[in-house]
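In: build me a model:
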Amino acid sequence: MASVPGTYARAFADVVAEQHLDVARVLHELHVIGMLVKENDDLRRVWENPSIPGEQKRRVVDALTAREGFSRPVRNFVSVLIDHQRIPLFAQIVREVEKEFDLRTGVAEALISSARELSDTEKRGLETQVARVTGKRVRATYSRDATLLGGAVVRVGSTIYDGSVVGQLQRLREEIAGGAAFSS
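Out: Residues are numbered from 1 along each chain as shown. Okay, here's the model as predicted:
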């Protein structure tokens, strides 16, 4: 069963693809609107209030679109979300739109944890290795994890590639434990 955010995301991604829109620009516009919805209680209350007529809500969308220079498809998408009372799901829908664009453009999101800050050369090397393994272009997010001792742990979707010293020690421990059971 498809999720509500996923359904809207796929439909919007179809529009973006059909109209050959700039994905980066579309995402930027959605993020700006998301930030406004998150930070502006009055705007959110107006867009979420079922007693305010849709026409008035769309006028607010139109004013915002004109002020910010947003594209017509983004304006229409936000209007559809307002009309279907989906603004409370806006952040989730935008995340699903990002995932849908990544899927369609062959981009893998990689979360890379390392024991220390990596140099740009090390980052490029890791990203190249992940791209080779996944067969996709990689967009990486880096974090430090002092518990790793050394090496790195890479998460792409639900797959984890553990090249950390802690992971290597754990695998060695398992091998030794398994070998000890057979030698008795």
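
In: pull the CA atoms of stretch 150-164 into PDB?
Out: Output in PDB follows, covering the C-alpha atoms of stretch 150-164 (Å, rounded to 0.1, in the frame of the first residue of the first chain):
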ATOM      1  CA  GLY A 150      39.400   4.000  13.000                       C
ATOM      2  CA  GLY A 151      38.100   3.300   9.500                       C
ATOM      3  CA  ALA A 152      34.500   4.100   8.500                       C
ATOM      4  CA  VAL A 153      31.000   2.800   8.400                       C
ATOM      5  CA  VAL A 154      28.900   3.600   5.300                       C
ATOM      6  CA  ARG A 155      25.100   3.300   5.200                       C
ATOM      7  CA  VAL A 156      23.300   3.400   1.800                       C
ATOM      8  CA  GLY A 157      19.600   2.800   2.300                       C
ATOM      9  CA  SER A 158      19.300  -0.200   4.600                       C
ATOM     10  CA  THR A 159      22.700  -1.600   3.700                       C
ATOM     11  CA  ILE A 160      25.700  -1.000   6.000                       C
ATOM     12  CA  TYR A 161      29.300  -1.400   4.800                       C
ATOM     13  CA  ASP A 162      31.400  -1.600   8.000                       C
ATOM     14  CA  GLY A 163      35.100  -0.900   7.400                       C
ATOM     15  CA  SER A 164      35.700   0.300  10.900                       C
END
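
In: average model confidence for it?
Out: For stretch 150-164, mean pLDDT is 85.

In: now that stretch: buried residues?
Out: By neighbour count with 16 or more other C-beta atoms under 10 Å, stretch 150-164 contains the buried residues 152-154, 156, 161-162, 164. For every residue, glycine as well, the C-beta is placed using N, CA and C.

In: so what's residue 162 up against?
Out: residue 153 (C-beta atoms under 8 Å, 6 or more residues apart in numbering).

In: torsion angles phi and psi at it?
Out: Phi and psi for residue 162, reported as degrees, to the nearest 10, are phi -100, psi 100.

In: could you give the bridge partners of it?
Out: On the basis of DSSP bridges, residue 162 is bridged to residue 153.

In: tell me how far it lies from residue 101.
Out: Here residue 162 is placed at a distance of 28 Å from residue 101 (C-beta to C-beta, to the nearest Å).

In: same thing with residue 66?
Out: Separation of residue 66 from residue 101 (C-beta to C-beta): 25 Å.

In: now the helices for the protein?
Out: Counting by DSSP state H, the chain has helices at residues 4-18, 23-39, 41-48, 54-68, 72-83, 90-105, 120-134, 165-183.
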